[in-house]
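# 3D model of this:
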Amino acid sequence: QVHLVESGGGLAQPGGSLRLSCAGSGITLENYNMAWFRQAPGKEREGVSCIGSLKDQVTYYGDSVKGRFTISRDNAKNTVYLQMTDLTPEDTAVYYCAADRLRLSLQPRHYNYWGQGIQVTVSN
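From the prediction side, this is the model:
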């Protein structure tokens, strides 16, 4: 059974940093395209970043996070990370990691496996 488990969320001050982790079990993440999404209250789920699978580790970022967030992998740990810097209150949301074998995009409908989500709150 496939599980994706996010960790590393919590409260950060504006201008601060957090690193989210997405650990896989029952799935070898290096063989999957991986993505991070977020959803704020009352808003649609938004694509934050994605990274290609082993053969093509191209990365893409949503316009709102370019230059501030970095997606990466540690295949030995079967984990994908999202390093978030220069956080603003607009980054407050539940963050989800997702995996798909075939498609790489920032569209939620393209992803087959999802984590349960983790809260990130940016506030003084």
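# so how far is A93 from N31?
28 Å (CB to CB, to the nearest Å). For glycine as for every other residue, the C-beta is placed from the backbone atoms N, C-alpha and C.
# Of these two, which one has the most company?
A93 (22 against 12; other CB atoms under 10 Å).
# Where does the closest residue to that one other than its chain neighbours sit, in terms of helix or strand?
Leaving aside its chain neighbours, A93 sits nearest to R38 (3.8 Å; criterion: CB to CB, 6 or more residues apart in numbering). Assigned by DSSP states H and E, R38 falls within strand 33-39.
# how far away is the residue nearest to A93 from I118?
For R38 relative to I118 (CB to CB), the value is 10 Å.
# swap in Q107?
Taking CB to CB, one finds Q107 at 21 Å from I118.
# So for those two, which residue has more residues nearby?
I118 (21 against 12).
# I'd say the more buried one and L4 touch.
No. The criterion here is CB atoms under 8 Å, and I118 misses it with L4 at 10.9 Å.
# can you pull the pLDDT of the residue lying closest to N124 once chain neighbours are set aside?
Leaving aside its sequence neighbours, N124 sits nearest to Q13 (CB to CB, 6+ apart; 6.1 Å). We have a pLDDT of 98 for Q13.
# And for Q57?
Value listed for Q57 in the pLDDT field: 81.
# Report the separation between it and S72.
9 Å.
# Which residues are in contact with each of those two?
Contact criterion CB atoms under 8 Å, 6 or more residues apart in numbering; residues shared by Q57 and S72: I51.
# Quick check: neighbours shared by R38 and I118?
Common neighbours of R38 and I118 (CB under 8 Å, 6+ apart) are V94, Y95, Y96.
# and the last one, what does it touch?
For Y96, the set of contacting residues under the criterion of CB under 8 Å, 6+ apart consists of E6, W36, F37, R38, Q39, R45, W114, G115, Q116, G117, I118.
# That's all I had, so thanks and see you.
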